[in-house]
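Colleague: structure, please.
(one chain, ligands or ions: 1)
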Amino acid sequence: MKFATKAIHAGQEPDPTTGAIMTPIYQTSTYVQESPGKHKGYAYARGKNPTRVALEKCIASLENAKHGLCFSSGMGASDAIIKLLRPGDEVIATDDLYGGSYRMFEKVFAPFGISFKYVDMGDAAGIAKHISAKTKMLWVETPTNPLMKVVDIAACAKIAKEKKIVLVVDNTFASPYLQNPLDLGADIVMHSVTKYLAGHSDVVMGATCTNNDSLQEQLAFIANSCGATPGPMDSFLVLRGIKTLHLRMERHCFNGRKVAEFLKSHPKIDKLYWPGFPTHPNHEVAKKQMKDFGGMISFTMKGNDMQEAFRAASSVKVFSLAESLGGVESLIGHPASMTHASIPKAEREKSGVVDSLLRLSVGIEDIDDLIADLKQALG
Ligand SMILES: *Cc1c(COP(=O)(O)O)cnc(C)c1O
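Modeller: Okay, the predicted model is just below:
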């Protein structure tokens, strides 16, 4: 089946008892057993719930994966992935990483003896020299947040295979519509389902996908043991959201391109980060591994003027000033004080997250209204 058909049908069968076309919200914590231990595959809802199972199959199908697992948030999914490791192990991660991932790595897992190294992966060939006997995992985010660097997934997969380490790709920014990391050789794909997959800013959820039976078994064990699994109502909302993923992504990409072109010629804007421009340093890689370039755009103001950035972020009327991304509504954010506030200033600025940087999640409203809004807000 092709993507659009899978988005609507994968994992979903009419309800066997009523024929309901929509997967029911199985709002239950437990399941009746025929005799002790004899049940229909469902014993307790932390481990398994039919609405969640339908969603896991749907997301797995969109990533061309054998297995999918849902978690109560993207961070819940990332937490489970890091718990595959043991004290003494090391992770090499993309340097401009989602702030929450950085915070979890450094504040939660580093004290347990897992170490993290942050490397510019814009040039994938440069990664190998950082790998030591301790390195057990490569953690790649692409496009990166918020600087829209694109990491060559196939090149990373080659290195990971050679060194026998696990390659994890946080595919949140691209969504499975734009990019399928497992097809390029990744071992695990992680999603903040909260963003494009759910798409309507009404649910927090995460997911992992893999083709590796052993990794799936370990992740499912961790999910059930540690308990960060989502409920059936949220699973239903995401199943519903995914039905329009392909249509939403088409419009996100169309609007994203128009907004990027508008910003490019704006006199107040200095640097513009969007992988669709041929001048973007990773444009060729983006073209190779992504279907289109998405609706995430970041930019800085001339003279790194933070006041200008604050004024613009506070003057929007159609865009909303908020954290998060990937919903139908357009958002603007100031990474240095919002999503990336937990990263020390020096560390942050080294990777380019300066004080005048603004990030847009371009939604699917009418493009004329979006451009007019940015025009008035930038002044
Ligand atoms: C939001 C986000 C996460 C965390 O997901 P939550 O659902 O908020 O827990 C991880 N990675 C990226 C790239 C994100 O944007």
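
Colleague: what does this structure put close to the ligand?
Modeller: 73-75, 98, 100-101, 141, 145, 170, 172-173, 192, 194-195, 204, 206 (C-beta under 6 Å from any ligand atom). No exception for glycine: its C-beta is placed from N, CA and C like everyone else's.

Colleague: residue 284 - how many residues pack around it?
Modeller: For residue 284, the count of nearby residues is 13 (other C-beta atoms under 10 Å).

Colleague: now do the buried residues in the one helix or strand it maps to.
Modeller: Counting by DSSP states H and E, the element that carries residue 284 is helix 283-289. Buried residues in helix 283-289, defined by neighbour count with 16 or more other C-beta atoms under 10 Å: 283, 285-287, 289.

Colleague: indicate the residue of this structure located nearest to the ligand.
Modeller: residue 74 (2.2 Å; C-beta to the nearest ligand atom).

Colleague: what about that residue, how many residues nearby?
Modeller: 23.

Colleague: next up, the contacts around it.
Modeller: Residues near residue 74 by C-beta atoms under 8 Å, 6 or more residues apart in numbering: 100, 172, 190-195, 204-206.

Colleague: any chance of those in JSON lines, with secondary structure and pLDDT too?
Modeller: JSON lines is the format used below for these (DSSP: H, G, I helix; E, B strand; the rest coil; pLDDT from 0 to 100):
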{"residue": "100", "secondary structure": "helix", "pLDDT": "91"}
{"residue": "172", "secondary structure": "coil", "pLDDT": "97"}
{"residue": "190", "secondary structure": "strand", "pLDDT": "98"}
{"residue": "191", "secondary structure": "strand", "pLDDT": "98"}
{"residue": "192", "secondary structure": "strand", "pLDDT": "98"}
{"residue": "193", "secondary structure": "coil", "pLDDT": "98"}
{"residue": "194", "secondary structure": "coil", "pLDDT": "98"}
{"residue": "195", "secondary structure": "coil", "pLDDT": "98"}
{"residue": "204", "secondary structure": "coil", "pLDDT": "98"}
{"residue": "205", "secondary structure": "coil", "pLDDT": "98"}
{"residue": "206", "secondary structure": "strand", "pLDDT": "98"}
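
Colleague: make JSON lines from those residues and add distance to residue 9 and neighbour count to it.
Modeller: Shown next, in JSON lines, are the contacts of residue 74 (distance: C-beta to C-beta, whole Å; neighbours: other C-beta atoms under 10 Å):
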{"residue": "100", "distance to residue 9": "33", "neighbour count": "18"}
{"residue": "172", "distance to residue 9": "24", "neighbour count": "27"}
{"residue": "190", "distance to residue 9": "24", "neighbour count": "27"}
{"residue": "191", "distance to residue 9": "20", "neighbour count": "30"}
{"residue": "192", "distance to residue 9": "24", "neighbour count": "29"}
{"residue": "193", "distance to residue 9": "18", "neighbour count": "31"}
{"residue": "194", "distance to residue 9": "23", "neighbour count": "24"}
{"residue": "195", "distance to residue 9": "22", "neighbour count": "21"}
{"residue": "204", "distance to residue 9": "25", "neighbour count": "19"}
{"residue": "205", "distance to residue 9": "20", "neighbour count": "29"}
{"residue": "206", "distance to residue 9": "23", "neighbour count": "26"}
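
Colleague: for those residues, which one is nearest residue 227?
Modeller: Nearest to residue 227 among these: residue 206, at 13.4 Å, using C-beta to C-beta.

Colleague: and the closest residue to the closest one other than its chain neighbours, what element?
Modeller: Closest residue to residue 206 apart from its sequence neighbours, by C-beta to C-beta, 6 or more residues apart in numbering: residue 77 at 3.3 Å. Element membership of residue 77, judged by DSSP H and E, is helix 74-82.

Colleague: before we move on, back to that, wait, the residue nearest to residue 206 sits on residue 210?
Modeller: No - Residue 77 is beyond contact range of residue 210, at 11.5 Å (criterion: C-beta atoms under 8 Å).

Colleague: tabulate the contacts of residue 74 (JSON lines), appending distance to residue 81.
Modeller: Below are these laid out as JSON lines (distance: C-beta to C-beta, whole Å):
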{"residue": "100", "distance to residue 81": "14"}
{"residue": "172", "distance to residue 81": "13"}
{"residue": "190", "distance to residue 81": "6"}
{"residue": "191", "distance to residue 81": "11"}
{"residue": "192", "distance to residue 81": "13"}
{"residue": "193", "distance to residue 81": "15"}
{"residue": "194", "distance to residue 81": "17"}
{"residue": "195", "distance to residue 81": "17"}
{"residue": "204", "distance to residue 81": "17"}
{"residue": "205", "distance to residue 81": "15"}
{"residue": "206", "distance to residue 81": "10"}
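
Colleague: how far is the helix holding residue 284 from where the chain is centred?
Modeller: 18 Å (C-alpha atoms, centre = their mean, to the nearest Å).

Colleague: can you name the element that comes right after it?
Modeller: Next element after helix 283-289 (DSSP H and E): strand 296-301.

Colleague: what helices or strands is that next one leaning on?
Modeller: helix 245-264, strand 269-273, helix 306-315, strand 358-361 (3 or more C-beta pairs under 8 Å, 6 or more residues apart in numbering; DSSP states H and E).

Colleague: got the angle between it and helix 306-315?
Modeller: 140 degrees (axes from the mean of the first three to the mean of the last three C-alpha atoms, to 10 degrees).

Colleague: and the angle from strand 296-301 to strand 269-273?
Modeller: If you take the same axes, to 10 degrees, strand 296-301 sits at 150 degrees to strand 269-273.

Colleague: what sits up against strand 296-301?
Modeller: 143, 145-148, 173, 256, 259-260, 263, 268-274, 308-309, 312, 325, 335, 354, 356-362.

Colleague: quick revisit: dump the helix holding residue 284 to CSV, restricted to CA.
Modeller: Extracted C-alpha coordinates of helix 283-289, given in CSV (Å, rounded to 0.1, in the frame of the first residue of the first chain):
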residue,chain,number,x,y,z
HIS,A,283,20.7,20.8,0.6
GLU,A,284,21.9,17.9,-1.5
VAL,A,285,21.6,15.5,1.4
ALA,A,286,18.1,16.8,2.1
LYS,A,287,17.1,16.3,-1.5
LYS,A,288,18.4,12.8,-1.4
GLN,A,289,16.8,11.6,1.8
